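Enquirer: Predicted coordinates and the sequence they were generated for:
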Amino acid sequence: MFYSEMTKEQLFNERAKLEEEYKGYKELGLSLNMARGKPGKEQLDLSKGLLDVVNSESDCTTDSGIDCLNYGFMDGIPDIKPIFAGMLQVKPEMVMVGGNASLNMMFDTVSAFMYKSPVEGEKPWQEVKNRKFLCPSPGYDRHFGITEYFGFEMIPVDMTDSGPNMDMVEKLVSEDDSIKGIWCVPKYSNPQGITYSAETVKRFASLKPKAKDFRIFWDDAYCLHDVTDTPDTLISLWDECEKTGNVDMPLFFCSTSKITFPGSGVAAMAGSESNMKMLKTKYNYQTISYDKLNMLRHLKYFGDFEGLKNHMLKHREVLKPKFNEVITQLNEKIKDTGIAKWNNPNGGYFVSVDVMEGTAKRVVQLCKDAGVELTGAGATYPYGKDPRDSNIRIAPSFPPVSELKSAMDIFCVATKLAAAEKLLDRK
């Protein structure tokens, strides 16, 4: 029965029942973590072979003759670039391979544009006092953290089932030259698991921004992270931008952080010749070279892009039952109450749940008090402020399925208890 259809007496009885159930969970003294998208132990074990492919007996020279023990090749070893080009759907010559984190490369890119515009004759972004950035929301909190750090006004853009609201994006960028960029997670978006439709990608490629130095930050973090047998398909933004002539507009980012070892993966970025020339100038002063041995490890372990895709099939088998557990419990315990809605993603790292408006913070606190750690309510919106206090990001990857079941038991009880409390307050 929908909670909204219950009488005051029925809600009172439901709350009492839920409070008793919740008390029982608290007494278990659990400590479960669904706060961030961390790979679980089974996933980490899949890549332990990386540790053996390069050792004291190994030839640390690439097939193209690069000695990975020495200085040089600031933008990464050419041999591994085709793998990242496959991930980003760009040309290998466009790719720069960096350190262990694509987030670091995104931060560096914004930082570079703060001091020198990517377009000759335009002001550096730090001199644009009312500078703004578009933030599809709910979205990735660390993206928002970067632009908040650099003093941008962040403008939320609603997400639809096919990606950001492009009517809103097109209108805003065409009218305001102080809007300098937009954050995008185009495949299996964080946190909703939405993949941008072909129409959305084509509309991005056809944007006519008033700011000549407007940039699309295309963070393809989950480009290979399918968790079902019916994966989504994302068309190439680069191909579409070549058709429209907007080749300088997109910047592409990815990494192996959730493929091999978080903190010890390999990151890459790509862009037009003009964009990469400007950014490499900065990197030439910033570093002599990134960890080529780590690049070599990944190259030897995967071999090529097809080898990487085969590796991701193993990840899918680990993640699939975890996502199934989350969706099954939501369907069985929440669906008939009418108090929440969620997406059933085909990939990515998260399940996004919109609980009853005005209760997300309460749900997160109830879960925390019962031993389940979730990402803070509001984190998926700029400045940490969810205007509806509704969105909660569930990260099912880290706990084993047995612990995940317990965590979801608590989440479902907390969601229902917070809703019953809210409705009783209204009555």
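Expert: In hand now; what should we look at?
Enquirer: Residues in a beta bridge with residue 184, which ones?
Expert: Using DSSP bridges, the beta-bridge partners of residue 184 come out as residue 218.
Enquirer: correct me, but it touches residue 222?
Expert: No - using Cβ atoms under 8 Å, residue 184 is not in contact with residue 222, being 12.0 Å away. (C-beta placed from N, C-alpha, C; glycine too.)
Enquirer: show me where the stretch 151-300 of the chain has strands.
Expert: 153-160, 163-164, 179-184, 215-219, 250-255, 267-271 (DSSP state E, counting those that start in this stretch).
Enquirer: Check the stretch 1-150 of the chain too.
Expert: Remark: strands assigned in the stretch 1-150 of the chain by DSSP E, counting those that start in this stretch are 32-34, 95-97, 132-137.
Enquirer: so which of those gets nearest residue 381?
Expert: Ranking the strands of the stretch 1-150 of the chain by their distance to residue 381 (criterion: Cβ to Cβ) puts strand 132-137 first, at 4.9 Å.
Enquirer: Can you lay out the strands of the stretch 1-150 of the chain as CSV showing distance to residue 218 and mean pLDDT?
Expert: Below are these laid out as CSV (distance: least, Cβ to Cβ, whole Å; pLDDT from 0 to 100):
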stretch, distance to residue 218, mean pLDDT
strand 32-34, 27, 90
strand 95-97, 13, 98
strand 132-137, 12, 98
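Enquirer: can I get these in CSV with distance to residue 196 and mean neighbour count?
Expert: Below are these laid out as CSV (distance: least, Cβ to Cβ, whole Å; neighbours: other Cβ atoms under 10 Å):
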stretch, distance to residue 196, mean neighbour count
strand 32-34, 26, 21
strand 95-97, 21, 25
strand 132-137, 10, 24
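Enquirer: Worst mean pLDDT across the helices and strands of this protein, which element?
Expert: Within the chain, no helix or strand scores below strand 32-34, which has a mean of 90 by mean pLDDT, DSSP states H and E.
Enquirer: Find the residue closest to residue 51 in space, skipping its chain neighbours.
Expert: Nearest non-adjacent residue to residue 51, counting by Cβ to Cβ, 6 or more residues apart in numbering: residue 297, 7.9 Å away.
Enquirer: Please report the distance of residue 111 from residue 282.
Expert: Taking Cβ to Cβ, to the nearest Å as the measure, residue 111 falls 8 Å from residue 282.
Enquirer: Please apply the same query to residue 235.
Expert: Counting by Cβ to Cβ, the gap from residue 235 to residue 282 is 31 Å.
Enquirer: again with residue 346
Expert: Taken as Cβ to Cβ, the span from residue 346 to residue 282 is 37 Å.
Enquirer: how is the protein carved up into domains?
Expert: 3-44+316-426, 61-303 (automatic domain parsing).
Enquirer: How far does the first one sit from its chain's centre?
Expert: Counting by Cα atoms, centre = their mean, to the nearest Å, domain 3-44+316-426 is centred 20 Å from the centre of its parent chain.
Enquirer: End to end on that domain, go ahead and measure it.
Expert: By Cα to Cα, to the nearest Å, the extent of domain 3-44+316-426 from end to end equals 12 Å.
Enquirer: show me where pLDDT drops low in the stretch 301-427 of the chain?
Expert: Low-confidence segments of the stretch 301-427 of the chain, defined by pLDDT under 70, are absent.
Enquirer: Show me where it has its strands.
Expert: For the stretch 301-427 of the chain, strands defined by DSSP E, counting those that start in this stretch occupy the ranges 341-342, 351-354, 372-374, 391-394.
Enquirer: The third one: partners in the sheet, and parallel or antiparallel?
Expert: By that I understand strand 372-374. strand 32-34 (parallel).
Enquirer: quick one: contacts of the strand it pairs with?
Expert: The contact list for strand 32-34 (Cβ atoms under 8 Å, 6 or more residues apart in numbering) reads 371-374, 394-396, 398-399, 403-404, 406-407, 410-411.
Enquirer: from the residues you listed, which would you call buried?
Expert: Among the contacts of strand 32-34, those buried by neighbour count (16 or more other Cβ atoms under 10 Å) are 371-374, 394-396, 398-399, 403-404, 406-407, 410-411.
Enquirer: got the domains of the chain as JSON lines, with distance to residue 52 columns?
Expert: As requested, the domains of the chain are exported to JSON lines (distance: least, Cβ to Cβ, whole Å):
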{"stretch": "domain 3-44+316-426", "distance to residue 52": "15"}
{"stretch": "domain 61-303", "distance to residue 52": "9"}
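Enquirer: which one of those domains lies closest to residue 50?
Expert: domain 61-303 (5.0 Å).
Enquirer: how long is the closest one from one end to the other?
Expert: Distance between the two ends of domain 61-303: 15 Å, counting by Cα to Cα.
Enquirer: Spatially central residue in this structure, please.
Expert: residue 190 (4.0 Å; Cα atoms, centre = their mean).
Enquirer: surely that one meets residue 349?
Expert: Yes - using Cβ under 8 Å, residue 190 is in contact with residue 349, at 7.1 Å.
Enquirer: Pull up the overlap in contacts between these two.
Expert: Taking Cβ under 8 Å, 6+ apart as the criterion, residue 190 and residue 349 both touch 37, 222.
Enquirer: Before I go, just wanted to say thanks for your time.
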